[in-house]
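Asks: here are the coordinates; sequence isn't available:
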């Protein structure tokens, strides 16, 4: 039931779109949504922002790593730094990006069209996806000139569901990216770099789907439905 | 591999390598271009970085270090794999690596008698027949049997009438595989290797078998074929390889020890025989004894030699000189073959261990009955003795007296002796020793009483058994038939042995190095 719902949702969005770019974007995604996860094209992403409020704060950096046939395509990984109004402020303490690093950065408009091009026909994957999606939707709406709705596989939600099956109460911090990875024996990476976090998230998804699947097929829509 | 744990196995499921973080697999096929035949089994999920062939080759071309790294890994894996896969040899190596060079050749005009003498001299089973330096035939043991003896002919028959004419041959660059094929096709065991009509070598089925792996039997037969000490030393260089093969074949430690000891025995025997050929017949019956690890048949790599000589009776001056010369050269030969001189000088070349039967018997009696500072070491070395070469009846006589002295309560005697020696107690009698040990608080009262009771009980059982044997006019021995005991006595005996066993463990803990 839910996969069909997702599909009609996408269909509706594509229908409502005024901009040609977004219509194509949604249509391309419709084809992927009912595929098996191991055969579909995904793209893991992570953002670094000046803060956590999508309405005030801005995107500083986007990291993308495509996943095809259960393989992370490291040679197609990309990262962009984005110019911001004002400075990076206190957030530099988290992500380590300083104002001077942004001298060669691109505009948000350019970044969004790059993002749309790279993710066309691919399902987004992120850890704690709602936050990243909100930032992207806001930035896109401004660029495209109409409200945009995106969907993404959330590795945090997947992990929460898996954990709640075994435990009643989750410990604080047990859903952080690093903590989730440790559960699957994945190595420790330095956090808060958009590209490394995207890679870390992509690896986590592969480990999760391998653990969930156990040989059974798992569709993109089933994963998208986990909130 | 970034993380996880994998195993690499070949077609047959044989383990080739275990992989963990920082290891790599699949490079073999990338380097050689051959199809992948090894399989990787996942023991623990992991992250793997995948390099496609184009990128891999690009990196090899661009970066010398990268290329060298994987070439080394390749060589290492091959060495690793070689240990498991001796059979691969047949398909890759040439006959020139396995053939015997300088084969025995004889002119076709010679007689079969001459040929047989030559074959006996060189210890081979075939001879190549030449005419004007060209190979014309081969004469084998089988030909001598079938075409000479069975036909009722004598040794004056010319070789060319008995030989196999125009034998199958190979060139030195042929593959071992081809040699195997030819041999099995024509059911022959000897293949002359010929380059431009001239025989340059011969390969036999034994050579091929030997090439398959360093088998102990073949090594021993090779040892027995050597005619000089130098060639024996050369053959002994294969022993480490044999050990390697045994280890990689997962043989049990006990089996390895026995195999290595058989090789040592063969080597010792051959050395004695070779030296006897130089020195002449021995002036009296003698027996070469092996002690320690060789005696126990649990030799390992780089074992030393522990040996001695048992003589039938007291030697005169000439005999003394003979045995000194013999034992010196045999010990020296063993040393050169990798069995280093015994640091404790327990070797036949030491006149102290070149004794007559009477002297040996006396030695053992002394060790068993009186505490001597070196008695412990001697006990651990000498009580494990075995005859290697010579008159076995001499050895049997010696062993009988030793066993007569040590059977029965030997274990408790040993235990008491060990403690007594360490505490400097002069007492010789075991029961008294135990009492003194308790008084000096060297063993606790409970253990002491147990041991004394066990000692008494076992001694009693032995005596009553011997009384029984005497009464029924049986041979008097130290052996007790369990079925002659009531179940109550059997339980008591078991308990007594348990006490002994516990005390032995205690000694092991206390004197690990000396017991």
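Replies: Perfect, thanks for sending it. Worth saying up front: this structure is predicted, and the values here are computed from it rather than measured.
Asks: Assign a three-state SS to the residue in chain A that chain B sits nearest to, would you?
Replies: Residue of chain A nearest chain B, by Cβ to the nearest Cβ: residue A:187 (5.0 Å). Glycine gets a C-beta too; all of them are placed from N, C-alpha and C. Assigned with DSSP: H, G, I helix; E, B strand; the rest coil, residue A:187 falls in the coil class.
Asks: can you tell me the helix or strand for the closest residue to it other than its chain neighbours?
Replies: Nearest non-adjacent residue to residue A:187, counting by Cβ to Cβ, 6 or more residues apart in numbering or on different chains: residue B:3, 5.0 Å away. Applying DSSP states H and E as the criterion places residue B:3 outside every helix and strand.
Asks: Verify the contact between residue B:3 and residue A:184 for me.
Replies: No. In terms of Cβ atoms under 8 Å, residue B:3 does not count as a neighbour of residue A:184; the distance is 9.7 Å.
Asks: Count the neighbours of residue 30 for me.
Replies: Picking chain A for this. Look at residue A:30: counted by other Cβ atoms under 10 Å in any protein chain shown, it has 17 neighbours.
Asks: not quite, I wanted chain B
Replies: Residue B:30: 18 neighbours (other Cβ under 10 Å).
Asks: show me what contacts it?
Replies: Counting by Cβ atoms under 8 Å, 6 or more residues apart in numbering or on different chains, residue B:30 touches B:51, B:53, B:56, B:57, B:70.
Asks: any idea how far the closest residue to chain A within the stretch 51-200 of chain B lies from residue B:61?
Replies: Going by Cβ to the nearest Cβ, chain A is nearest to residue B:55 of the stretch 51-200 of chain B, at 8.1 Å. For residue B:55, the distance to residue B:61 (Cβ to Cβ, to the nearest Å) stands at 11 Å.
Asks: Equivalent analysis for residue A:10, please.
Replies: 47 Å.
Asks: okay, the two: which has more neighbours?
Replies: Under the criterion of other Cβ under 10 Å, the comparison of residue A:10 against residue B:61 puts residue A:10 first, with 23 against 10.
Asks: Kindly confirm my reading that that one is in a helix.
Replies: Yes. Residue A:10 forms part of a helix when assessed by three-state DSSP.
Asks: rewinding a little: now the residue of chain A closest to chain B: how far from residue A:95?
Replies: 21 Å.
Asks: ok, the two, which is more surrounded?
Replies: Per other Cβ under 10 Å, whichever of residue A:187 and residue A:95 has more neighbours is residue A:95, with 20 against 14.
Asks: What does the nearest residue to that one once chain neighbours are set aside show for phi and psi?
Replies: Closest residue to residue A:95 apart from its sequence neighbours, by Cβ to Cβ, 6+ apart: residue A:48 at 4.1 Å. Main-chain torsions, residue A:48, degrees, to the nearest 10: phi -110, psi 140.
Asks: What residues does the spatially closest residue to residue B:445 that is not a sequence neighbour make contact with?
Replies: Counting by Cβ to Cβ, 6+ apart, residue B:445 lies nearest to residue B:438, which is 5.6 Å off, once chain neighbours are set aside. By Cβ under 8 Å, 6+ apart, the residues touching residue B:438 are B:444, B:445, B:448, B:449.
Asks: Please identify which of those residues is nearest to residue B:395.
Replies: residue B:448 (38.1 Å; Cβ to Cβ).
Asks: On the three-state scheme, that closest one is what?
Replies: Assignment for residue B:448 (three-state DSSP): helix.
Asks: So the residue nearest to it when sequence neighbours are not counted: helix, strand or coil?
Replies: In space, and not counting its chain neighbours, residue B:448 is closest to residue B:438: 3.8 Å by Cβ to Cβ, 6+ apart. Residue B:438 falls in the helix class when you classify it by three-state DSSP.
Asks: ok so, going back, pull the most distant pair out of the contacts of residue B:438.
Replies: Pairwise distances among these were taken by Cβ to Cβ; the largest, 9.3 Å, belongs to B:444 and B:449.
Asks: quick one, what contacts the residue in chain B that chain A sits nearest to?
Replies: Across chain B, the shortest distance to chain A (Cβ to the nearest Cβ) belongs to residue B:3, at 5.0 Å. By Cβ under 8 Å, 6+ apart, the contact set of residue B:3 is A:185, A:186, A:187, B:21, B:46, B:47.
Asks: want to throw those into CSV with pLDDT?
Replies: Formatted as CSV, the contacts of residue B:3 follow (pLDDT from 0 to 100):
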residue, pLDDT
A:185, 88
A:186, 91
A:187, 90
B:21, 84
B:46, 88
B:47, 90
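Asks: Most neighbours among these, which one is it?
Replies: Counting neighbours by other Cβ under 10 Å, the top entry in the contacts of residue B:3 is residue A:186, with 22 neighbours.
Asks: ranges for the strands of chain B?
Replies: B:5-9, B:15-19, B:39-44, B:100-101, B:105-107, B:126-131, B:134-140, B:164-165, B:190-195, B:198-204, B:286-290, B:307-311, B:354-356, B:386-390 (DSSP state E).
Asks: what's the domain layout of chain B?
Replies: B:5-84, B:95-212, B:216-399, B:410-510 (automatic domain parsing).
Asks: Among the ones you listed, show the one with the smallest mean pLDDT.
Replies: Mean pLDDT per stretch puts domain B:410-510 lowest among the domains of chain B, at a mean of 73.
Asks: Next to chain B, which bits of chain A? Give me the list.
Replies: Residues of chain A lying close to chain B (Cβ under 8 Å from any Cβ of the partner chain) are A:71, A:74, A:184, A:185, A:186, A:187, A:203, A:207, A:210.
Asks: what's the farthest-apart pair in the residues you listed?
Replies: A:74 and A:185 (19.7 Å).
Asks: follow-up on the earlier one: now the contacts of residue B:30: which count as buried?
Replies: B:56, B:70 (16 or more other Cβ atoms under 10 Å in any protein chain shown).
Asks: Let's have the contacts of residue B:30 in TSV, adding distance to residue B:331.
Replies: Putting the contacts of residue B:30 into TSV (distance: Cβ to Cβ, whole Å) gives the following:
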residue	distance to residue B:331
B:51	58
B:53	60
B:56	57
B:57	59
B:70	49
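Asks: Now, the contacts of residue B:30 that are in helices?
Replies: B:53, B:56, B:57, B:70 (DSSP state H).
Asks: Fine by me, thanks again.
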